[in-house]
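Peer 1: Here is a sequence together with a model predicted from it:
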Amino acid sequence: MIKSCAITLTSLFLWVGSYAQNKQLLYNFREIPQSLLVNPGGKVLQKGFLGFPLLSGVYVQSGTSGFTVYDIFADDGRDFTQKVEEVIYRLNSSDVIEVNQQLELIYLGFRPEDYRSNRFYSMGIYQELNAYNYFPQDIALLAYEGNAGNVNRVYDLGHLNAQGEVLTTFHFGINFKESEDFSWGFRGKFYSSMINFSTANNKGDFVSVPGENNIYSHNVVADMALRTSGYASIRDDSPGTGRLLSRALFSGNYGLGLDLGLTYTPTEAWTYTASIQDIGMILHTTDIESYRLNGAYQLEGIEFEFGEATDDDFLDDYWEQIKEDLEEQLPLDTISQNYVSWRPVKFNAAMMHNFGNMLYRKKKCGCKIEDTGYENSVGVQLYAIKRPRGINTALTAFYYRRVFDFLRMKLSYTADKYTKTNLGLGVSTHFSNFNFYLLADNFLEYGNISDANYASVQLGLNFILPDRSYR
Amino acid sequence: MLRVFLGCFVLALICGSCTEELDFDQVDDFRYEPVIELSLAYYDYLAADFGEDDLGGRTVYVDSTTADLFSQEFFDDNLKEAEFFLRYTNTIPRSFTTQIDFYNSNNEVVYTIPVSIPPYNGTPVVVTATAYFDESNIYLLKETNLVTAEIVLEAGSPVLTPQSEGSLLFESSGTYYMRFND
């Protein structure tokens, strides 16, 4: 039990990152249909597309901050406990544990032939898994080393801040090309949450001080809560695949969300884009179970009172009384209460300069895909995501190039407060009507990926209907 | 050149997890050994409460409590060693013999910590004692389910009356050496 907990915790801590869901390589990569999922107001240069079911969008991101998988699991003959200990003492409560995975089940888009063909519709279903946890530094230290020798040290229980979810998103978006200069779009989302848990805004502390009546006085003050949905029913009974699938689609815990985006191209040489994703929430009403620990408790030990009535009869049961007091003063309640979880809102903005040869490829290419405009772009992108304790941001500089008719690439450099050495590379290939793309973050670390603080990979396969009007 | 570079890139991704030697079985070696310090029991027996004069020469005072803490799964599985620290502070001008007894569920004494305390002579008399349970006898603690505290008032003077001053203060704490590795 203890070991499985330790393994689970360790595994969680392996996935730390600040980048999650920053799809800086996909953003504005207009040859890739999935870029419309990051900016519904992006420039759409296809007539239609159809993602290969289950293969059109596979995204996995993982990372570690403060340490790497290799630090712990390297087969280097060093004492494992020692390695873990070094990591525990290195991390602090602002280190984040994060994992994000997405899988597109269905994705398609088309421009209708009719008179409103300045519109482009796209829709689909994708599944997503998120976990976002702060390293609970004080709680981890207390568990790891105990309280001995730490009289007067206050352990902050508020360090516990974690959330995780598995959900399915049904989405439908419309992109409006208002003019050659300007397009915008939105995407409505319907969320079905399969599993959700969150514990945030916890308050409280634990401290041992010299006691008034005894050697130590141990004091706990806590106002903590953990909310779950979709968990209680599978806790003791592992569901079959069929049941999991039906829960994925129709969990009973639903929500709505909205993405907005725009692209503005005042001149062919300059493009500005911005988008905001997942303005939304999920209302949890089904299969909900929450736990609340609220109260204050002080312990100095068992007081022998030597009351006359008890002198010889052993009547008083001080130990039982302590347990009762604890349960009464610091009760752990299990409650069923609806709750709302907010989606992590994400913001992207970019400014890019387009340059280079504009016309030569148009003349000789086979033109399986749109090939207007300049062959190079450079620019900067800003990414921000709302997190429980604030907003995480990242800044990206990129270079985009149309290498060949069938090959487009984007090179990015991304910096945020955690790392300054993230180079990413994305390629989009087009053979016949097939588009295959591969976007990899922090690729410099791929020589020994287990020693990378984070990495993300996204790939997919689409069938493209090119828009002949761009010839 | 570019193609070569891209080829390498794609290859690198596919090998993907080009990674140095890792050994996840090391998790089996993980152990951690927190040390927990907790107050245990205490009393402050006032000289005025001994009632030596009106209880017909009574000299033994006993109190008890169940104490199944160490037989709980958390301690039973992981407690490897323990050390108890006892501190008596006597401000009564009489001698005492005190005793903490640990009983198992058959009501047999499995461990005793006796302490003799000299009389107060103007400055508080502090007597400390430690009891150490190592891996060979920690089971005694784990099978304990009742603890008694006993005070024996040794014969002497002055006789303790409701007007007597001072007290026999008892404080104690435990240091628990845990080991989680299985």
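Peer 2: The structure has been received and is ready for your questions. Residues are numbered from 1 along each chain as shown, chains lettered A, B, ... in the order given.
Peer 1: the helices in the chain, which residues?
Peer 2: Going with chain A. Listed in chain order, the helices found in chain A under DSSP state H are A:2-14, A:35-38, A:69-73, A:80-90, A:137-145, A:232-235, A:241-249, A:318-329, A:360-364.
Peer 1: actually chain B
Peer 2: Going by DSSP H, chain B shows helices at B:2-15, B:73-78, B:138-142.
Peer 1: coming back round to it: of the helices of chain A, flag the one that's most buried.
Peer 2: When you average the neighbours per residue for each of the helices of chain A (mean count of other C-beta atoms under 10 Å in any protein chain shown), helix A:35-38 leads with a mean of 25. (Each C-beta comes from the backbone N, C-alpha and C, glycine too.)
Peer 1: what comes into contact with that helix?
Peer 2: For helix A:35-38, the external contacting residues (C-beta atoms under 8 Å, 6 or more residues apart in numbering or on different chains) are A:23, A:26-29, A:42, A:44, A:57, A:107, A:109, A:120, A:122, A:171, A:173, A:175, A:185, A:187, A:259, A:261, A:275, A:277, A:348.
Peer 1: again, 7 Å this time
Peer 2: Surrounding helix A:35-38, the residues in contact under the criterion C-beta atoms under 7 Å, 6 or more residues apart in numbering or on different chains are A:23, A:26-29, A:42, A:44, A:109, A:122, A:173, A:175, A:275, A:348.
Peer 1: that older thread, quick one: which of the helices of chain A is nearest A:Tyr291?
Peer 2: If you check each of the helices of chain A against A:Tyr291 by C-beta to C-beta, helix A:232-235 wins as the nearest, at 10.8 Å.
Peer 1: Now do the same for the residue of chain B found nearest chain A: its pLDDT.
Peer 2: In chain B, the residue that lies nearest chain A is B:Pro34 (3.3 Å; C-beta to the nearest C-beta). You'll see B:Pro34 listed with a pLDDT of 93.
Peer 1: Just give the nearest non-adjacent residue to the closest residue to chain B within chain A, would you?
Peer 2: With C-beta to the nearest C-beta, the shortest gap between chain A and chain B falls at A:Gly146, namely 3.3 Å. Counting by C-beta to C-beta, 6 or more residues apart in numbering or on different chains, B:Pro34 is the residue found nearest to A:Gly146 once chain neighbours are left out, at 3.3 Å.
Peer 1: so the one you found makes contact with A:Gly149?
Peer 2: No - in this structure B:Pro34 lies outside contact range of A:Gly149 using C-beta atoms under 7 Å: 11.0 Å.
Peer 1: okay, now residue 67: neighbour count?
Peer 2: Let's take chain A. Applying other C-beta atoms under 10 Å in any protein chain shown, we find 21 residues neighbouring A:Phe67.
Peer 1: Please refer instead to chain B.
Peer 2: Residues within reach of B:Ala67, counting by other C-beta under 10 Å, total 21.
Peer 1: cool, B:Arg94 as well?
Peer 2: B:Arg94 is surrounded by 23 other residues when neighbours are defined as other C-beta under 10 Å.
Peer 1: residues touching it, list them.
Peer 2: B:Pro119, B:Leu153, B:Glu154, B:Gly156, B:Leu160.
Peer 1: same thing but 8 Å
Peer 2: B:Arg94 touches B:Ala47, B:Pro119, B:Tyr120, B:Leu153, B:Glu154, B:Gly156, B:Ser157, B:Pro158, B:Leu160, counting by C-beta under 8 Å, 6+ apart.
Peer 1: Which of these fall in strands?
Peer 2: Filtering the contacts of B:Arg94 for membership in strands, criterion DSSP state E, returns B:Leu153.
Peer 1: Only the buried subset of the contacts of B:Arg94, as a ChimeraX command please.
Peer 2: Here is the ChimeraX command that picks out the buried ones among the contacts of B:Arg94, judged by 16 or more other C-beta atoms under 10 Å in any protein chain shown:
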select /B:47,119,120,153,160
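Peer 1: By pLDDT, give me the weakest of the contacts of B:Arg94.
Peer 2: Within these, pLDDT reaches its minimum at B:Ser157, with 83.
Peer 1: any idea how far B:Val60 is from that one?
Peer 2: Plainly put, B:Ser157 is 18 Å away from B:Val60 if you go by C-beta to C-beta, to the nearest Å.
Peer 1: Neighbours of the closest residue to B:Ala41 other than its chain neighbours, how many?
Peer 2: Nearest residue to B:Ala41 in three dimensions, chain neighbours excluded: A:Ile302, at 4.2 Å (C-beta to C-beta, 6+ apart). Using other C-beta under 10 Å, the number of residues around A:Ile302 comes to 25.
Peer 1: With A:Gly390 instead?
Peer 2: 8.
Peer 1: For residue 32, list the residues it contacts.
Peer 2: You didn't pick a chain, so chain A it is. For A:Ile32, the residues meeting the contact criterion (C-beta under 8 Å, 6+ apart) are A:Leu26, A:Ser428, A:Asn435, A:Tyr437, A:Gly460, A:Asn462.
Peer 1: that's the wrong chain, I meant chain B
Peer 2: With contacts taken as C-beta under 8 Å, 6+ apart, B:Tyr32 has the following neighbours: A:Ala6, A:Thr81, A:Val84, A:Glu85, A:Ala143, A:Tyr144, B:Arg179, B:Phe180, B:Asn181.
Peer 1: Run through chain A and note the low-pLDDT ranges.
Peer 2: Applying pLDDT under 70 to chain A flags residues A:1-20, A:63-64, A:115-116, A:236-241, A:307-316, A:358-372, A:417-418, A:445-450, A:452-453, A:468-471.
Peer 1: Low-confidence stretches in chain B?
Peer 2: For chain B, residues meeting the criterion pLDDT under 70 lie at B:1-20, B:55-58, B:182.
Peer 1: quick one: the strands in it?
Peer 2: Remark: strands of chain B, listed N- to C-terminal, are B:35-46, B:60-66, B:79-90, B:96-104, B:109-117, B:125-133, B:144-153, B:167-178; assignment by DSSP E.
Peer 1: And those strands: which comes nearest A:Ser251?
Peer 2: Put simply, out of those the one that sits nearest A:Ser251 is strand B:167-178, at 40.2 Å, with distance taken as C-beta to C-beta.
Peer 1: now the closest one, how far from the centre of its chain.
Peer 2: Shown here is strand B:167-178, whose average C-alpha point lies 6 Å from the average C-alpha point of the whole chain (C-alpha atoms, centre = their mean, to the nearest Å).
Peer 1: swap in stretch B:170-182?
Peer 2: Relative to the chain's own centre, stretch B:170-182 is displaced by 6 Å; criterion: C-alpha atoms, centre = their mean.
Peer 1: hang on, the earlier thing: can you redo the contacts of A:Ile32 as CSV with distance to chain B?
Peer 2: Putting those into CSV (distance: C-beta to the nearest C-beta, whole Å) gives the following:
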residue, distance to chain B
A:Leu26, 16
A:Ser428, 12
A:Asn435, 15
A:Tyr437, 12
A:Gly460, 14
A:Asn462, 18
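Peer 1: Of those residues, which is the nearest to B:Ala82?
Peer 2: When those are compared for distance to B:Ala82 (C-beta to C-beta), A:Leu26 comes out closest, at 57.6 Å.
Peer 1: Against A:Thr263, how distant is the closest one?
Peer 2: 15 Å.
Peer 1: For the stretch 151-300 of chain A, which residues are neighbours of chain B?
Peer 2: Residues of the stretch 151-300 of chain A lying close to chain B (C-beta under 8 Å from any C-beta of the partner chain) are A:Val151, A:Ser208, A:Gly211, A:Asn213, A:Asn214, A:Ile215, A:Tyr216, A:Ser217, A:His218, A:Leu299, A:Glu300.
Peer 1: And the furthest pair within those residues?
Peer 2: With distance counted by C-beta to C-beta, no two of these lie farther apart than A:Val151 and A:Asn213, which are 15.8 Å apart.
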